[in-house]
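Asker: need the 3D shape of this:
(one chain, ligands or ions: 1)
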Amino acid sequence: MTRLPDFRNEPLTDYSIPANRAAFERAIDLVRSQLGQRYPLRIGADAVWTGDTFDSINPSRPAEVIGTFAKGRKEDAERAIAVADSAFQTWQYTDPLERAGYLLSAAAEMRRRKHEFSAWMVFEIGKPWSEADADTCEAIDFLEYYARQMIRLTEASDMLYPCPGEQNQLLYIPLGVGAVIPPWNFPNAIMTGMTSAAIVAGNCVVLKPSSLTPMIAYKFCELLWNNGLPPGVLNFVPGPGSAIGDTMVDHPRTRFIAFTGSKEVGTRIFERAAKVQPGQKWLKRTVLEMGGKDAVVVDETADLEAAAEGIVISAFGFQGQKCSAGSRAIIVDKVYDTVEARVVEKTRQLRLDAPDLGPEVNQGPVADKNAMKTIMDYIEVGTQEGKLLLGGKAKQTPEGGYFIEPTIFGDVPGDARIAQEEIFGPVLAMIRARDYDDALKIANSTEFGLTGSVYSRDRSRLERARREFHVGNLYFNRKCTGALVGSHPFGGFNMSGTDSKAGGPDYLLLFTQAKSVAERL
Ligand code: NAP
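Answerer: Okay, here's the model as predicted:
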């Protein structure tokens, strides 16, 4: 392989340019023309129908079926693990450069069909155009980045000190069969990132996508299957996590579990994976990225306009359904009222509608009926805990979409439930801090530790936050969402997970084990 050009992030699309808008509209039409088809499991080279199916639906119009999927059962998960295990016997020895090549080809194809991939997410999970575009760009970034990281790992022996009279090597070899279990909220990026990292490192994968977003996962798998990835390296087994998740996690041939999702499911996997099953020859590796209750802190020296803007984007981007969402705005008392007024005013300008209508729609539906109920229940709790400043209601549409108005509560105590628990929806708790000390204390007061942001012009305060604000991804004078592959390795502390730092130089190590070889010369 010739030397690859340096990694560069895939540029985001500007929809104010008419040609870009037109291209996206064509992709929307293309996807619309493909709605409602049927998709089997893929185990090895076999397309498998299981006798039962489930539908992926459009949360803007729940009657609209995106695709109908074979529903994986326990026996399918077991068979997929066996097939992956058998494929591993050869895939583990495939030249890492060849493995990287599959990722690079998939990246090239996804780049060519970028808007199509994004449009699927507009329909399948209600992403506004720019959010869907960012998701696809991130997926492309992961493919490009992990391909390069794998090549870098093959050169790891260069890092060893020479031992006289010996030739020494450090080989990063794969682990085995992995269960890859992504969430629905970055249904392309996170699914692509976890899957491609595992595969390029030489492992074989059973991918169980979120039941809300199997379509985009299938489209990604097709890129690899159609490009000659050997059968069994990537197996596709959608199905309810509650029914087949334990089977995948518990299986004695499962070597690792890469999961991103809620704290509840993540901690369950952590516990179950720790139990050594009869016939199991290893301790399972778990890579578990979970929830957040992220905060944007603003002090009295800050650029208040920029802070208000950052709070709104962090809180309501993709309807607040990001693990990195800034669902708490912690403002020092001196400027609290000013910032609160500006945040409410800016949030009022957001347009809530079905995202396929155009790029002007920047608020879509929430993920599904269950999410709608959970979020509305939290809004009810919020009315007891703070002052409702904006929103608070579901928006009714003729098609019964799952729309909730962007909602802001003011003067929420730092220990209130809506300030402590992950709501995962368009609900912002604004918290009044006595001063900067108090603000940092409140920011660190949850069980999570994923992202955080500080707006301040006071250098000493930023330096204090650098030391004391205990989050995996800390940002100064900018929003707390939008981590870039290669620049902001992503992962959280405490109950936010195992701090895997996706998109960073250490991530692939999680999917490998190092073998040191010394030969006497
Ligand atoms: P979730 O309900 O925990 O589901 C995540 C995945 O786990 C889905 O594929 C789900 O399948 C599966 N699952 C469910 N029960 C399981 C079980 N018993 N065993 C194994 N797998 C099981 O989370 P979500 O609602 O999809 O995603 C939202 C959550 O993800 C939020 O908490 C968010 O903060 C977090 N998140 C974290 C990060 C991060 O990097 N830290 C990034 C994105 C999202 P089904 O769909 O079939 O139930």
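
Asker: what residues sit buried inside stretch 5-22?
Answerer: 9, 10, 13, 15, 20, 21 (16 or more other Cβ atoms under 10 Å). Glycine gets a C-beta too; all of them are placed from N, C-alpha and C.

Asker: measure it end to end?
Answerer: Across stretch 5-22, the terminal residues are separated by 30 Å (Cα to Cα, to the nearest Å).

Asker: can you tell me what sits against it?
Answerer: 24, 111, 114-115, 129-130, 133-134, 136-138, 140-141, 144-145, 148, 358-359, 484-487 (Cβ atoms under 8 Å, 6 or more residues apart in numbering).

Asker: do stretch 216-226 as well
Answerer: By Cβ under 8 Å, 6+ apart, stretch 216-226 touches 39, 42, 67, 69, 102, 105-106, 109-110, 117, 120-121, 124-125, 139, 182, 187-188, 191-192, 195, 199, 207, 209-210, 233-234, 236, 238.

Asker: cutoff 7 Å now
Answerer: For stretch 216-226, the external contacting residues (Cβ atoms under 7 Å, 6 or more residues apart in numbering) are 39, 42, 102, 106, 109-110, 117, 120-121, 124, 187-188, 191-192, 207, 209, 234, 236.

Asker: please narrow these to those residing in strands.
Answerer: 39, 42, 207, 234, 236 (DSSP state E).

Asker: need those residues in a markdown table (columns: neighbour count).
Answerer: Formatted as a markdown table, the ones in strands among the contacts of stretch 216-226 follow (neighbours: other Cβ atoms under 10 Å):
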| residue | neighbour count |
| --- | --- |
| 39 | 22 |
| 42 | 24 |
| 207 | 28 |
| 234 | 25 |
| 236 | 28 |
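
Asker: and the two most separated of the residues you listed?
Answerer: 39 and 234 (14.7 Å; Cβ to Cβ).

Asker: which ChimeraX command selects the buried ones in the contacts of stretch 216-226?
Answerer: Typed into ChimeraX, the line below selects the buried ones among the contacts of stretch 216-226, using 16+ other Cβ under 10 Å:
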select :39,42,102,106,109,110,117,120,121,124,187,188,191,192,207,209,234,236
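
Asker: next secondary structure after the helix or strand harbouring residue 463?
Answerer: Assigned by DSSP states H and E, residue 463 belongs to helix 459-468. Later in the chain than helix 459-468, the nearest helix or strand by DSSP H and E is strand 473-476.

Asker: what's the farthest-apart pair in the buried residues of stretch 5-22?
Answerer: Greatest spacing in those, by Cβ to Cβ: 9 and 21 (22.0 Å).

Asker: mind listing what's buried in the longest helix seen in the chain?
Answerer: Of all the segments of type helix in the chain, defined by DSSP state H, the longest one is helix 129-153. Buried residues in helix 129-153, defined by neighbour count with 16+ other Cβ under 10 Å: 129-151, 153.

Asker: one more: stretch 58-71?
Answerer: Within stretch 58-71, the residues scored as buried using 16+ other Cβ under 10 Å are 58, 59, 60, 61, 62, 64, 66, 67, 69, 70, 71.

Asker: the third one touches residue 401, doesn't it?
Answerer: Yes: taking contact to mean Cβ atoms under 7 Å, the distance of 4.3 Å between residue 60 and residue 401 places them in contact.

Asker: overlap in contacts, the two.
Answerer: With Cβ under 7 Å, 6+ apart, residue 60 and residue 401 have common neighbours 354, 365.

Asker: would you mind listing what in this structure touches the ligand?
Answerer: 181-186, 190, 208, 210-212, 240-242, 245-246, 249, 260-262, 265, 268-269, 289-292, 323, 422, 424, 450, 492, 496-497 (Cβ under 6 Å from any ligand atom).

Asker: so among these, which ones count as buried?
Answerer: If we count by 16+ other Cβ under 10 Å, these have these buried: 181-186, 190, 208, 210-212, 241, 245, 249, 260-261, 265, 268-269, 289-292, 323, 422, 424, 450, 492, 496-497.

Asker: alright, calling it a day.
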